[in-house]
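Participant: Okay, sequence plus prediction incoming.
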Amino acid sequence: MTAGSRLPWLVVPAALLLLAVYVWPTLGLFRTAFNEVGPTGAMIEAWSLKTTGEVLADSFTIELTLNSLWLSLSATLIALCMAYPVSLFLFRTQSRFRGLLAVIAIMPMLVSGVVRVFGWLAILGDRGLVNSLAQWLGLISTPMRLVFNWTGVTIGLAESIMPYMILALLAGFGRLDRTLEEAARSLGCTPLRTFLRVTLPLSLPALALAAGLGFVLSMSAYITPKLLGGGRVFVLATEIFEQATTNTNWPVAAVLAIYTLVLLLALLMFSNVAARRLQR
Amino acid sequence: MSYLELAGLQKRYRDSVAVDDVALSVEKGEAVALLGPSGCGKTTTLRMLAGLIDPDAGSIRLDGAEITRQPAHKRNMGYVFQSYALFPHLSVARNVGFGLEERRVPRPETARRVEEALGMVRLSGLEGRRPRELSGGQQQRVALARALVIRPSVLLLDESLSNLDAKLRDAMRHEIRDIQRSLGITTLFVTHDQVEALTMCDRIAVMKRGRIEQIGTPEDIYERPATRFVADFVGRANVLPAMRNGAGAISVWGVTLPATAPADGEVDVFVRPQRIRLAASGEPSGEGMVQLTGRVLRSVFVGDHVEVIVEGAGGQLSVEMQSGTKPPAAGTEVAVLWQAGDTLLFPREAT
Amino acid sequence: MPTRRLVLQTGLATIAAPALVRAQGLSGSITLMSYSGIFQDNYVKAVVERFQQAFPGVKVNYVPGGTSAQMVGSVRAQKADPQVDVAIMDVTTSSIGNIEGLFEKLTPAEVPSLNELHPEARAAGGDYGPAVTFDHLVLVYDTQNLKPPIEKLADLWRPDLKGQVALAAPPNIQGLALTAMVEKMEGGDYRKSIDAAIKKLRALAPSVNTFEPNPDGYSLILNGVVKVATGWNARAQLYGDQTGGKIAALLPPEGSVFQINTINLTAGSKNRAAAIAFVNFALAQAAQKAFTERMFYAPTNAKAAIDAKALARTAAAPESRGRMIGVDWNEVLKMRDQWNNRWRREVIAAAGR
């Protein structure tokens, strides 16, 4: 038996698992999307595009989409600005604590999303760390609203996607080489110019990869917008959750889920093309 | 005062000293090699010159000006890295023009100088290529052109030929030496390859464990090594244990040498294989010659010479004979002869 | 031949003493799905354990099912092979299950306790599972830090409460109930229009700290995040007791709305007889009395003799009953999406991002 003929058998367990936990439920999702909803929320088995039509025609869907895109964009950019220097440092450091530092950087991944959110409440709340400090320093007299709104969700989301982006950056820094920066320095570049002309261009593929990942994660995040949004932040993920678990409106939830899936696939393809172009 | 002066240069890493009290004077237009085994501090010295690392002590003066603490980008040193360090995201032309762009040289002049530099390294026509589309030798030339085009105060070459195959290395050696000579550019060349050092430089500084062992012309270094390490590291040598016999005289293989032992302690005799001549046994030795006798053990044809191994009373030694001459057959009794002046004596090192 | 012997014993016993025998004859296990947390703790103590004493052969597995919508979702997903026998959930979601055929109709012949229920308790489920608890929307407030305490619904608009209010916006039923209450306060009727309520709530929006209290309004008050929140009476009473009176519940004089939990028998239950026995037991006087006295949900069994002190803390107290606004949840459900949209666009939007 050759390795080639054995290979298909090796992927069977993974394929079966995927089939069971992903393909089958996804088919169920598609099936549900064709159902209709009665006036009080009861699901009517059907093969119709009525629900799809209603969701797509609803101006609120556009609002949700724009909200999702805007939130994901701002969270991703903030996270990128924070993750990039951290990753550069981790990539370069010769410290023997490098492994430990890397673990610390991705530690938030190991904490449940709910716990992290309550941590942010303690920091950003009216009587939280930031407001207490600002008031103690006399910078403000009444607390700033940092949570239960878009600000809080953006901060919380940026923090929650950052570890993933750090990992993506570290994985993507392939062509980054200290010697290239030294070459630039020897050719007359100040540290800043070196960063702009060498480090940054060479990190672009990694940045694109990390941004793509962060964006997709933000688009599908619902715990953070739900718990930190104070009911003011409406995005696709929270609406899907709300429709499914508060309104019992599975068909609308299914249509929105498929809509989001398509949107994400399109964005992923776009980011892949962009990353490949930057790699060249 | 010389063009480039290093004095008391030192660099420590945690518990080890990488460069220790290095002093070196380089004249304008001179090519100097820093030669030594890996870890001897030669690259560290070069990087301190370029400003890529800060020395812990000592000073660097260039053309009379103190540059020890000057940042790398202000030093105007042309550095050619061992890995070439070409910018993978830029074309060959942009790579070569990089330093000129940083110096805000007007565009037409940049274009002209890039073209000129690429012509000098014989890469005209490859301006639009990306580095990864070039062969190793071509990348080497781009790196050289990039360092030269800025008209550097000093050209620094860090093991620049070590990634090339043997044939290309030979060609590049001459090419770089020619360019260096024609431009009259002061050059520091780090290498662990003695042939590179001997053929490409006006002077060689041999380094060992962070210190300079000897500085001199290639002939000095080769013919008159100051230390046992230099004699051992540069060129090949037969090392023959010497015996002291009484009043300061020493003998090898039972033959007393016309030389006096420098100090007390055990000594070894160094003789270059190509300075040894074989003759028929019993032939009278000339004036000022050392003569030992032995038996030919075997001969090995190496191509440009034949190596003959001779066994005598005190061990073996190797003799290089010109290729084309017929070596004596194995088992033949021979006389081993060399000029007394070619005998080098060094104290034996504790092993 | 255990089966034949069992059948024989059962048959003989049936002739001898029907009631006793039914209790002894039932066996196996049933699964009850409802809310988690303090509801589960108290319901198990007050009802489930009593049932198991009365029916030693039946084991009741209490499965926490999340929100009502999640529960009806679970039952829906298991339609082909039901794992849940009895489900207690909000009437707005159980009615969805009734329409979809997930639950069975109940008759007094099988469930004699039905005959003892308040008419509105029967009406809540129609022919299907009736109300098993009544609760109502209250304003929960911080008794330590809110001076003076709130006394009416209109107090929510007090300027000193700016940023101190947590309320659950629609589609949460607290938000739906609040809408009906504010409309009534403004002299309107939710069945006709909620314009007045929306206008008034819009003015309240800037005072609202969160429109989605997490984990709930009671905790936000206890943690000092807000001073007033919407909540349910039963839980507010219990938390008030547990915290030594740090929070209190106010039934606004302007009126409140019932929240109704129904008890439902899953269609296709694998242990139907035991499940019916449990439904009947849960609706009977003893269980109703025990649960009301323990957790202050108003009883749905009209004949349950509840301790007067406990009763006074529920909506079943005569002075409370008078304040209740009759809300037909089935009607509200039909308007839910529309209310939801108006909240999002007119109320929450006015609160700023």
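Facilitator: Ah, there it is.
Participant: Please enumerate residues in contact with stretch C:334-347?
Facilitator: Stretch C:334-347 has contacts (C-beta atoms under 8 Å, 6 or more residues apart in numbering or on different chains) with A:39-41, A:60, A:234, A:247, C:169-171, C:175-176, C:179, C:194, C:198, C:201-202, C:204-205, C:332. Where C-beta positions appear, they are placed from N, C-alpha and C, glycine not excepted.
Participant: Narrow those to those in helices?
Facilitator: Applying DSSP state H to these, the entries found in helices are A:F60, C:G175, C:L176, C:T179, C:I198, C:L201, C:R202, C:L204, C:V332.
Participant: Give the buried subset of those residues as a PyMOL selection command.
Facilitator: Filtering those down to the buried ones (16 or more other C-beta atoms under 10 Å in any protein chain shown) takes a single PyMOL command:
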select buried, chain C and resi 175+176+179+198+201+202+204+332
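Participant: Tell me which two of the ones in helices among the contacts of stretch C:334-347 sit farthest apart.
Facilitator: Distances among the ones in helices among the contacts of stretch C:334-347 were taken as C-beta to C-beta; the most separated pair is A:F60 and C:L204, at 22.3 Å.
Participant: Show me which residues of the helix or strand containing C:N340 are buried.
Facilitator: Secondary structure from DSSP states H and E places C:N340 in helix C:329-342. Buried residues in helix C:329-342, counted by 16+ other C-beta under 10 Å: C:W329, C:V332, C:L333, C:M335, C:R336, C:D337, C:W339, C:N340, C:R342.
Participant: Tell me the one among these nearest to chain B.
Facilitator: Using C-beta to the nearest C-beta, C:N340 comes nearest to chain B of those, at 51.7 Å.
Participant: Contact residues of chain C facing chain A?
Facilitator: C:66-67, C:69-70, C:72-73, C:76, C:92-93, C:95-96, C:99-100, C:163, C:168-169, C:171-172, C:209-212, C:214, C:224-225, C:330, C:333-334, C:336-337, C:341, C:344, C:348, C:351-353 (C-beta under 8 Å from any C-beta of the partner chain).
Participant: Average pLDDT for stretch A:54-69, rounded please.
Facilitator: What stretch A:54-69 shows for mean pLDDT is 93.
Participant: Quick check: buried residues in that stretch?
Facilitator: Buried, per 16+ other C-beta under 10 Å, within stretch A:54-69: A:V55, A:T61, A:L64, A:T65, A:N67, A:S68, A:L69.
Participant: what's the answer for stretch B:65-78, then?
Facilitator: Buried positions in stretch B:65-78, judged by neighbour count with 16+ other C-beta under 10 Å: B:I67, B:T68, B:A72, B:H73, B:R75, B:N76, B:M77, B:G78.
Participant: can you redo those as CSV with pLDDT, secondary structure and distance to C:I276?
Facilitator: Formatted as CSV, the buried residues of stretch B:65-78 follow (pLDDT from 0 to 100; DSSP: H, G, I helix; E, B strand; the rest coil; distance: C-beta to C-beta, whole Å):
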residue, pLDDT, secondary structure, distance to C:I276
B:I67, 94, coil, 96
B:T68, 93, coil, 95
B:A72, 93, helix, 87
B:H73, 93, helix, 87
B:R75, 92, coil, 93
B:N76, 93, coil, 95
B:M77, 94, strand, 93
B:G78, 94, strand, 94
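Participant: Return the member of the ones in helices among the contacts of stretch C:334-347 nearest to chain B.
Facilitator: Closest to chain B, out of all of the ones in helices among the contacts of stretch C:334-347 and judged by C-beta to the nearest C-beta, is A:F60, at 44.3 Å.
Participant: List the residues that contact the closest one.
Facilitator: Going by C-beta under 8 Å, 6+ apart, A:F60 touches A:F234, C:N341, C:R344.
Participant: May I see the residues you listed organised as TSV, with distance to C:G245 and pLDDT added?
Facilitator: Formatted as TSV, those follow (distance: C-beta to C-beta, whole Å; pLDDT from 0 to 100):
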residue	distance to C:G245	pLDDT
A:F234	37	93
C:N341	39	91
C:R344	36	92
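Participant: Can I get these in JSON lines including distance to C:A124?
Facilitator: As requested, the contacts of A:F60 are exported to JSON lines (distance: C-beta to C-beta, whole Å):
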{"residue": "A:F234", "distance to C:A124": "32"}
{"residue": "C:N341", "distance to C:A124": "27"}
{"residue": "C:R344", "distance to C:A124": "29"}
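Participant: I'd like to know which of those residues is nearest to chain B.
Facilitator: Distance to chain B across these (C-beta to the nearest C-beta) is lowest for A:F234, with 41.5 Å.
Participant: if we look at stretch A:68-81, which residues are touching it?
Facilitator: Contact with stretch A:68-81 is made by A:150, A:153-155, A:157-159, A:161-162, A:165, A:207, A:210-211, A:214-215, A:218-219, A:225, A:233, A:235-237, A:260, as judged by C-beta under 8 Å, 6+ apart.
Participant: Keep only those of these that are in strands.
Facilitator: Among these, none falls in strands (DSSP state E).
Participant: dump the residue contacts of C:L265.
Facilitator: Neighbour list for C:L265: C:D85, C:V86, C:F103, C:E104, C:L106, C:G129, C:R272, C:A275, C:I276, C:V279 [criterion: C-beta under 8 Å, 6+ apart].
Participant: pretty sure the second one is touching C:L32, no?
Facilitator: In other words, C:V86. Yes. Between C:V86 and C:L32 there is a contact at 4.8 Å, judged by C-beta atoms under 8 Å.
Participant: Give the residues shared as contacts by those two.
Facilitator: With C-beta under 8 Å, 6+ apart, C:V86 and C:L32 have common neighbours C:F278.
Participant: which stretches of chain A have low pLDDT?
Facilitator: Applying pLDDT under 70 to chain A flags residues A:1-7, A:279-280.
Participant: Quick check: residues of it near chain B?
Facilitator: Looking at chain B, the residues of chain A close enough under C-beta under 8 Å from any C-beta are A:175, A:177, A:179-180, A:182-190, A:193-194, A:197-198, A:201-202.
Participant: Please indicate which of those are buried?
Facilitator: Buried among the residues of chain A next to chain B by 16+ other C-beta under 10 Å: A:175, A:177, A:180, A:182-189, A:193-194, A:197-198, A:201-202.
Participant: so of these, which ones are in helices?
Facilitator: Per DSSP H, the subset of these in helices is A:L180, A:E182, A:A183, A:A184, A:R185, A:S186, A:R193, A:T194, A:P201, A:L202.
Participant: Spit out the contact partners of the first one.
Facilitator: Residues counted as contacts of A:L180 (C-beta under 8 Å, 6+ apart) are A:V198, A:L202, B:A85, B:F87, B:P88.
Participant: Would you format those as a markdown table with distance to chain C included?
Facilitator: Output for these, formatted as a markdown table (distance: C-beta to the nearest C-beta, whole Å):
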| residue | distance to chain C |
| --- | --- |
| A:V198 | 40 |
| A:L202 | 38 |
| B:A85 | 49 |
| B:F87 | 44 |
| B:P88 | 44 |
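Participant: among the residues you listed, which two are most distant?
Facilitator: Farthest pair in these (C-beta to C-beta) is A:L202 and B:A85. Separation: 11.8 Å.
Participant: Mutual contacts of those two, please.
Facilitator: Taking C-beta under 8 Å, 6+ apart as the contact rule, A:L202 and B:A85 both touch A:D177, A:L180.
Participant: picking that back up, gap between the helix holding C:N340 and the chain center?
Facilitator: Relative to its chain's centre, helix C:329-342 lies at 19 Å (C-alpha atoms, centre = their mean, to the nearest Å).
Participant: so where do the strands sit in chain A?
Facilitator: A:36-37, A:43-44.
Participant: The nearest residue to C:A177 once chain neighbours are set aside sits in which helix or strand?
Facilitator: Residue nearest to C:A177 in three dimensions, not counting chain neighbours: C:V257, with 4.0 Å by C-beta to C-beta, 6 or more residues apart in numbering or on different chains. According to DSSP H and E, C:V257 maps onto strand C:256-265.
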